[in-house]
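A.B. asks: got a predicted structure plus its sequence, pasted below:
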Amino acid sequence: MKRERLGSRLGFILLSAGCAIGIGNVWKFPYMVGQYGGGIFVLIYLFFLAIMGVPIMTMEFAMGRASRKSPARMYQELEPKGSKWHAHGYAAVIGNYLLMMFYTTVAGWMLRYFVSTAKGDFVGLDTAGVENYFNGMLADPLPMALFMIAVVIVGFLVCSFGLQKGLERITKYMMLALLAIMVVLAVNSMFMDGGKEGLEFYLKPSIENLKAAGIGNVIVAAMNQAFFTLSLGMGAMAIFGSYLGKDRRLMGESINIALLDTFVALVSGLIIFPACTAYDVEVGAGPPLIFITLPNIFNNIPMGRLWGSLFFIFLSFAALSTVFAVFEGILACTCDMFGWSRKKSCFINCIIVLVLSLPCVLGFNVLAGITPFGGDSTIMDLEDFLVSNILLPVGSLIFLIFCTHKKGWGWDKFRKEANIGKAGAKVQNWMRGYLTYVLPFMIIILFVMGLINFFK
């Protein structure tokens, strides 16, 4: 089957950024900042994004572009004969399914909040009322399941139209609209009465907050968030590399996507944290943070119902852009592995993802008695732990070793592929020692620390 190509560089950047920009930025980033010390977490996260995220993204793009295959088959094109690197390709496919097992549920929350805001369900509710609404939503399995099903069906429907006509065209408009509405809301939040303390918590690094959250916890959480927000370690970026032409150097493209991703994450914090202190919402509220904070903002600004409806539909777009991108990865893998057509792959995978996503939906109500980590933990917590704490860092480590060691693809071949093109930043030869020895050691240490801290 002939490999599809993206129609434009803007399409590639917005599509790759769309995979990176999503729930990781507008849902997970704010609550991680809230739980892990505010501004100090942001600073450490940006550090890891630069020293870990950009190099590994470049490697994924290079492997995809050199092989012209999905993660399920790209190692076979690049690995030395007789080696077993391709086993990670299958693990990456499993990781994409696992990510979608909870991601589709949260994307469904976004859609549900768009409908509720447009209907006026939040009008007149105070902070406690909004929190009760969210908890009530989680307790009712049928509507949650229906919105999750809508996300999955829409995702595979768009992907069924093909790369340029479906995925690229729709994602471009969604991403540009999302960026515009977020800037407007951030400006509104920064000038709220009572928002100054929230801005300070978010923008002013505090050693006291670092100590309170635990230095090791903050460092590991920042590293995991850098991998999560850029969708690294599961081959998602390798997919878009496989659709890419040879006219641009890959590190330059990785930097552009990381900057766009960082911009959206930082702006989402500017929207959320001033509102937290203005409306007395606990910054460490965890995963429900934006679902409690945002309706309070919209209840207290002129034309709030309109702004709220717009924001949640665009927030749904952000979530869907990642869903589309990961579904595209799943489709590319199953087409490569089984020789299916795109339409057949969409139909079969739609059924598989619907079934796999149900435990997360039911984990908040029917299956609430299942607490994988004790306390009030949920099935979603288990799925998020497996993706964020294990699959992403370990997958990123494997990509890193494969691209730098002679028993894998090797430094010279990686660097040559990454530097093909007339413009953009180059992978310099002086980076070899850092990427071959220092960065893998850092990831291993932080990965082990993360598991120790989590279970402690």
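C.D. replies: Thanks, I have the structure now. The model shown is predicted, which means the values in this text are computed figures rather than measured ones. Residues are numbered from 1 along each chain as shown.
A.B. asks: where does pLDDT dip in the chain?
C.D. replies: Along the chain, the model assigns pLDDT under 70 to residues 1-23, 163-169, 171-172.
A.B. asks: and the longest helix for it?
C.D. replies: In the chain, assigned by DSSP state H, the helix with the most residues is helix 304-338.
A.B. asks: pull out the buried residues from whatever helix or strand comes next after it.
C.D. replies: Downstream of helix 304-338, the next assigned helix or strand under DSSP states H and E is helix 342-362. Residues of helix 342-362 classed as buried by neighbour count (16 or more other Cβ atoms under 10 Å): 342, 345-346, 349-350, 353-354, 356-362. Heads up, the C-betas are built off the backbone N, CA and C, glycines and all.
A.B. asks: try stretch 400-407
C.D. replies: The neighbour-count check on stretch 400-407 (16+ other Cβ under 10 Å) flags 400, 401, 402, 403, 404 as buried.
A.B. asks: hang on, the first one packs against residue 58?
C.D. replies: No - the criterion here is Cβ atoms under 8 Å, and residue 400 misses it with residue 58 at 10.6 Å.
A.B. asks: nearest to residue 425, of the buried residues of helix 342-362?
C.D. replies: Closest approach between the buried residues of helix 342-362 and residue 425, by Cβ to Cβ: residue 342, at 33.9 Å.
A.B. asks: hang on, isn't the closest one packed against residue 157?
C.D. replies: No - in this structure, residue 342 is not within contact of residue 157 by Cβ under 8 Å, at 11.9 Å.
A.B. asks: next, residue 79: phi, psi?
C.D. replies: For residue 79, the backbone dihedrals (degrees, to the nearest 10) come out as phi -80, psi 150.
A.B. asks: how about the one 3 residues further on?
C.D. replies: Listed backbone geometry of residue 82 is phi 90, psi -10, with angles given as degrees, to the nearest 10.
A.B. asks: what do you get for residue 248?
C.D. replies: Torsion angles, degrees, to the nearest 10, at residue 248: phi -130, psi 140.
A.B. asks: same thing with residue 126?
C.D. replies: Here is the backbone geometry of residue 126 (degrees, to the nearest 10): phi -90, psi -170.
A.B. asks: cool, residue 406 as well?
C.D. replies: phi -70, psi -20.
A.B. asks: what do you get for residue 244?
C.D. replies: Main-chain dihedrals, residue 244, degrees, to the nearest 10: phi -100, psi 140.
A.B. asks: in this model residue 65 seems to touch it, though I could be wrong.
C.D. replies: Yes - assessed by Cβ under 8 Å, residue 244 is found in contact with residue 65 at 5.1 Å.
A.B. asks: before we move on, the earlier item: sort out for me which of the buried residues of stretch 400-407 are in helices.
C.D. replies: Among the buried residues of stretch 400-407, the members falling in helices (DSSP H) are 400, 401, 402, 403, 404.
A.B. asks: make JSON lines out of those and add distance to residue 450.
C.D. replies: Shown next, in JSON lines, are those (distance: Cβ to Cβ, whole Å):
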{"residue": "400", "distance to residue 450": "17"}
{"residue": "401", "distance to residue 450": "19"}
{"residue": "402", "distance to residue 450": "22"}
{"residue": "403", "distance to residue 450": "23"}
{"residue": "404", "distance to residue 450": "22"}
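A.B. asks: now, which of those residues sits nearest residue 442?
C.D. replies: residue 400 (10.2 Å).
A.B. asks: next, the buried residues of the longest helix of the chain.
C.D. replies: Neighbour-count burial for helix 304-338, counted by 16+ other Cβ under 10 Å, picks out 304-305, 307-336.
A.B. asks: and that helix with helix 342-362, angle?
C.D. replies: Taking axes from the mean of the first three to the mean of the last three Cα atoms, to 10 degrees, one finds that helix 304-338 is oriented at 120 degrees with respect to helix 342-362.
A.B. asks: so where do the helices sit in the stretch 151-300 of the chain?
C.D. replies: Counting by DSSP state H, counting those that start in this stretch, the stretch 151-300 of the chain has helices at residues 169-190, 196-203, 207-213, 215-229, 236-242, 250-278, 289-299.
A.B. asks: mind listing the helices for the stretch 1-150 of the chain?
C.D. replies: Going by DSSP H, counting those that start in this stretch, the stretch 1-150 of the chain shows helices at 9-20, 23, 29-35, 39-48, 54-67, 71-78, 87-119, 127-139, 141-160.
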